[in-house]
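>>> build me a model from this:
(chains A and B)
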Number of protein chains: 2
Amino acid sequence: MRIAILGYGVVGSGVAEVLKINAAQVAKKAGESGESIDVKYILDTRDFPGEDQKSKFIKNFEEIERDPEIKIVAECIGGETTAYDFAKRAILAGKHVVTPNKALIAAHGAELFALAKERGVHLLFEASVGGGIPLIRPFCGALLTDEVQEIAGILNGTSNYILTQMNDNGKSYDNALKSAQELGYAEADPTADVGGFDACRKLSILLSLATGKTVDYKDIPTEGIEKITADDFAFAAENGYTLKHLAIAKISAGGVQAVVAPFLVKIGHPMSTVSDVYNALWARAKTTGSVMFYGSGAGKLPTASAVVSNLVDIAQNACAAHIWTAERVKILPAEGFAMKKTFRIYEG
Amino acid sequence: MRIAILGYGVVGSGVAEVLKINAAQVAKKAGESGESIDVKYILDTRDFPGEDQKSKFIKNFEEIERDPEIKIVAECIGGETTAYDFAKRAILAGKHVVTPNKALIAAHGAELFALAKERGVHLLFEASVGGGIPLIRPFCGALLTDEVQEIAGILNGTSNYILTQMNDNGKSYDNALKSAQELGYAEADPTADVGGFDACRKLSILLSLATGKTVDYKDIPTEGIEKITADDFAFAAENGYTLKHLAIAKISAGGVQAVVAPFLVKIGHPMSTVSDVYNALWARAKTTGSVMFYGSGAGKLPTASAVVSNLVDIAQNACAAHIWTAERVKILPAEGFAMKKTFRIYEG
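Numbers count the residues shown, from 1 in each chain, chains lettered A, B, ... in the order given. Okay, here's the model as predicted:
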């Protein structure tokens, strides 16, 4: 199975790297179905003079689109414009698409899934929520055969790092953000992370999967972590809590409630131990009960590992069709949380 | 897709119940591939006069074996004798087999997987490790495309309940065991649980998956929880730890080390928060990093939900072949743990 990697940034180069590091494991798993996975093209507009795979680099997507040898396209460009154009064209050309791109899936999921189904190819996105945590697979494969009633995620590593620094080391919000930026965890403009919009997009993907319809992330009330102070952490600790930034949804016959906001989480609850850049998803389903998936929510190699695992899924032909329709779910304000001071309490 | 349930005990009746409770979700997920799941037979030697599915009950396995309409057999008899006979005959008759039976998979995995591959059917066992936690799916689908280096599991709910009672409520081992028995968590002879043998079998399944060869659970040094005292918990707490019964393995070029024993776990580590009858699996892989899967390790409905999720996997044709050979892995004694008093320290 020959593949093309689109975009040789952090994740794209990570995919190439993981395919080398884990060559033996990938060959073994894919080989169980008689397949192998080989990178034929790497598409990027930039030049990478030092790279040893030089002959694979190309600048024109048409070459990939027209090459019948290419079975899978790993879209690692990011964003919603070029990524959308190339993903759509790849599917139309009968190629499977694998992507870590939450913005693409959140914005264009319904259309791309329908197209993929029509063309008989897969569109897989394990890395789009929870980075390296293999959670889309068990969420779809197990929890969606059950009735998902509640979801609570720590879905943004940058925010969680900042809150951990404030909680454990008594840093102010500004100092914690500064150290996150120094370590490369936060961008110069950190709004998407600390404002909750990244977590909100990820929640919309989980909710779209759970409802089978489109949940527009713009419909989910979203609060960031910018206003949290050292005093808030002192107050939380005095009462046996810590503060975590949660993306929460409740699904019932009455509708879908959702909110992204800081929550008080009881110390000793598994979600209270999710620190630094780690992420976690807590979910409760009717007969399965409560489950939690925990791991590296971001980072080059963990995220790339999740992309590679999807390549192997396709090689093994071991993937269910994921699909949601364009019908838009009405999101209700999330209510009924007990409060302390100005904070909602998470009772998961 | 018509199925047969073998054994109408706790899990078998749970499977029938979950198929009713989650009928809409199961129909939707299976229906995405145009399939439905209907129970045609329930095999049990006993009579169930009050049951409303009376017409489905049969006592003769041959009826199932010979019925070409039956595509999947859900083996919920337990043990290694009748379960093995029926599972093998079902596979030979060209039927997929789904089972929560860890004893069956641990003892006969290599033979049954090879047979299933030969006959072009699946043998799925999500519920055999971790009960209701969907962990086999992400373990095989994601972590095995990477290099798994360490596994640490809290894999027995009964033991974990007893340790939680001793830690949180200051109970003696005997009193905690007694309350576990009163609640139905522990059997009259609790040896398989408190002696660590149940956890050991589950570890052997995970290690067989990770190595692709057979790990005989009898080769894994196994210590139970029977000798832990209230003093040990006091000592652990004074030093910032709690005691957990862990099934641990380290896999490296040098070989496979494994041990099942009580470990000191730092308070605040996610594994320290796994309480009562909950289970968790912590794993570290080379590029994915550390992940944890947490949930209900036992219980009628969670375990049955995992069995049902495997039925849907087959309906969706979304399952990779799991396989390990009969070649037996040499298990080395697990070494290199820091110690406090007589306890190993878990540094995960």
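
>>> same question for stretch A:268-282, mean pLDDT?
Averaged across stretch A:268-282, the pLDDT comes to 97.

>>> buried sites along that stretch?
A:269-275, A:277-282 (16 or more other C-beta atoms under 10 Å in any protein chain shown). (Each C-beta comes from the backbone N, C-alpha and C, glycine too.)

>>> dump the residues you listed into TSV; add distance to chain B and secondary structure as well.
As requested, these are arranged in TSV below (distance: C-beta to the nearest C-beta, whole Å; DSSP: H, G, I helix; E, B strand; the rest coil):
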residue	distance to chain B	secondary structure
A:His269	7	strand
A:Pro270	4	helix
A:Met271	9	helix
A:Ser272	7	helix
A:Thr273	4	helix
A:Val274	7	coil
A:Ser275	8	coil
A:Val277	10	coil
A:Tyr278	8	strand
A:Asn279	10	strand
A:Ala280	8	strand
A:Leu281	10	strand
A:Trp282	9	strand
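
>>> please identify which pair of those residues lies farthest apart.
Between any two of the buried residues of stretch A:268-282, the greatest separation by C-beta to C-beta is 19.6 Å, found for A:His269 and A:Val277.

>>> B:Leu177: which of the buried residues of stretch A:268-282 is nearest?
A:Pro270 (25.2 Å).

>>> close enough to count as contact, the closest one and B:Thr273?
Yes: here A:Pro270 reaches B:Thr273: they are 4.5 Å apart, a contact under C-beta atoms under 8 Å.

>>> write out the residues of the stretch 101-250 of chain A neighbouring chain B.
A:126, A:132-135, A:137-138, A:141-147, A:212 (C-beta under 8 Å from any C-beta of the partner chain).

>>> and those, which two are furthest apart?
Going by C-beta to C-beta, the pair spanning these furthest: A:Gly132 and A:Glu147, at 27.9 Å.

>>> in terms of neighbours, single out the busier of those two.
A:Gly132 (32 against 18; other C-beta atoms under 10 Å in any protein chain shown).

>>> tell me the secondary structure at that one.
coil (DSSP: H, G, I helix; E, B strand; the rest coil).

>>> let me know whether it touches B:Lys286 as I believe.
No: the pair A:Gly132 and B:Lys286 fails to qualify as a contact (C-beta under 8 Å) at a distance of 11.5 Å.

>>> I'd assumed A:Asp193 was in a strand, is it?
No: A:Asp193 is assigned helix when assessed by three-state DSSP, not a strand.

>>> can you pull the contacts of it?
A:156, A:158-159, A:186-187 (C-beta atoms under 8 Å, 6 or more residues apart in numbering or on different chains).

>>> can you add distance to A:Glu63, secondary structure and pLDDT and give these back as CSV?
Formatted as CSV, these follow (distance: C-beta to C-beta, whole Å; DSSP: H, G, I helix; E, B strand; the rest coil; pLDDT from 0 to 100):
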residue, distance to A:Glu63, secondary structure, pLDDT
A:Asn156, 36, coil, 98
A:Thr158, 36, helix, 97
A:Ser159, 40, helix, 98
A:Ala186, 36, coil, 91
A:Glu187, 32, coil, 90
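
>>> quick one, strands of chain A?
A:2-6, A:38-43, A:57-58, A:70-75, A:96-98, A:123-124, A:148-154, A:241-252, A:255-266, A:278-285, A:289-296, A:331-333, A:339-340, A:343-346 (DSSP state E).

>>> those: which one's closest to B:Lys40?
Nearest of the strands of chain A (C-beta to C-beta): strand A:278-285, 26.4 Å.

>>> give me the residues contacting that closest one.
So strand A:278-285 is contacted by A:129-131, A:133, A:135, A:139, A:143, A:146-157, A:160, A:206, A:270-271, A:274, A:290-298, A:348, B:305 (C-beta under 8 Å, 6+ apart).

>>> nearest residue to the middle of chain A?
The centre of chain A sits closest to A:Val129, judged by C-alpha atoms, centre = their mean, with a distance of 1.7 Å.

>>> so who does that residue touch?
Counted by C-beta under 8 Å, 6+ apart, A:Val129 has contacts A:102, A:135-136, A:153, A:155, A:202, A:205-206, A:281.

>>> how near is it to A:Glu118?
Remark: distance between A:Val129 and A:Glu118 (C-beta to C-beta, to the nearest Å) = 25 Å.

>>> now do A:Val215
23 Å.

>>> more neighbours: these two, which one.
A:Val215 (26 against 10).

>>> give the closest residue to the more buried one in space, chain neighbours not counted.
A:Leu207 (4.1 Å; C-beta to C-beta, 6 or more residues apart in numbering or on different chains).

>>> quick check, the one you found in contact with A:Ile151.
Yes: A:Leu207 is in contact with A:Ile151 according to C-beta under 8 Å; the separation is 7.3 Å.

>>> can you work out which residues contact both of the two?
Common neighbours of A:Leu207 and A:Ile151 (criterion: C-beta under 8 Å, 6+ apart): A:249, A:251.

>>> contacting residues around A:Gly131?
A:100, A:157, A:279, A:295-299, A:302-303, A:306.

>>> which members of those occur in helices, if any?
A:157, A:302-303, A:306 (DSSP state H).

>>> wait, which of those is closest to chain B?
A:Pro302 (5.0 Å; C-beta to the nearest C-beta).

>>> now do the contacts for that closest one.
Neighbours of A:Pro302 in contact, by C-beta under 8 Å, 6+ apart: A:131-132, A:295-296, B:287-289.

>>> which non-adjacent residue is nearest it?
Counting by C-beta to C-beta, 6+ apart, the residue nearest A:Pro302 is A:Gly132, at 2.5 Å.

>>> now do the same contact list for the one you found.
A:295-299, A:301-303, A:305-306, B:288-289, B:291.

>>> most surrounded residue in the residues you listed?
For the contacts of A:Gly132, neighbours tallied by other C-beta under 10 Å; top is A:Ala306, 35 neighbours.

>>> re the thing from before, and the contacts of A:Asp193, which of them are buried?
A:156, A:158-159, A:186.

>>> in TSV, list those along with distance to A:Phe233.
As requested, these are exported to TSV (distance: C-beta to C-beta, whole Å):
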residue	distance to A:Phe233
A:Asn156	18
A:Thr158	18
A:Ser159	14
A:Ala186	19
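
>>> and A:Gly31, what pLDDT?
Value for A:Gly31, per-residue pLDDT: 87.

>>> again with A:Glu63
98.

>>> thought it was touching A:Tyr41?
Yes: here A:Glu63 reaches A:Tyr41: they are 6.7 Å apart, a contact under C-beta under 8 Å.

>>> which of the contacts of A:Val129 fall within helices?
Per DSSP H, the contacts of A:Val129 map to helices at A:102, A:136, A:202, A:205-206.

>>> what residues are up against the residue nearest to A:Ile162 when sequence neighbours are not counted?
Excluding the flanking residues, the one nearest A:Ile162 by C-beta to C-beta, 6+ apart is A:Ala176, at 4.3 Å. Counting by C-beta under 8 Å, 6+ apart, A:Ala176 touches A:161-163, A:165-166.

>>> which of these has the largest number of neighbours?
A:Ile162 (30 neighbours).

>>> show me the contacts for that one.
A:173, A:176-177, A:180, A:186, A:194, A:225 are the contacts of A:Ile162 under C-beta under 8 Å, 6+ apart.

>>> cool, thanks, talk later.
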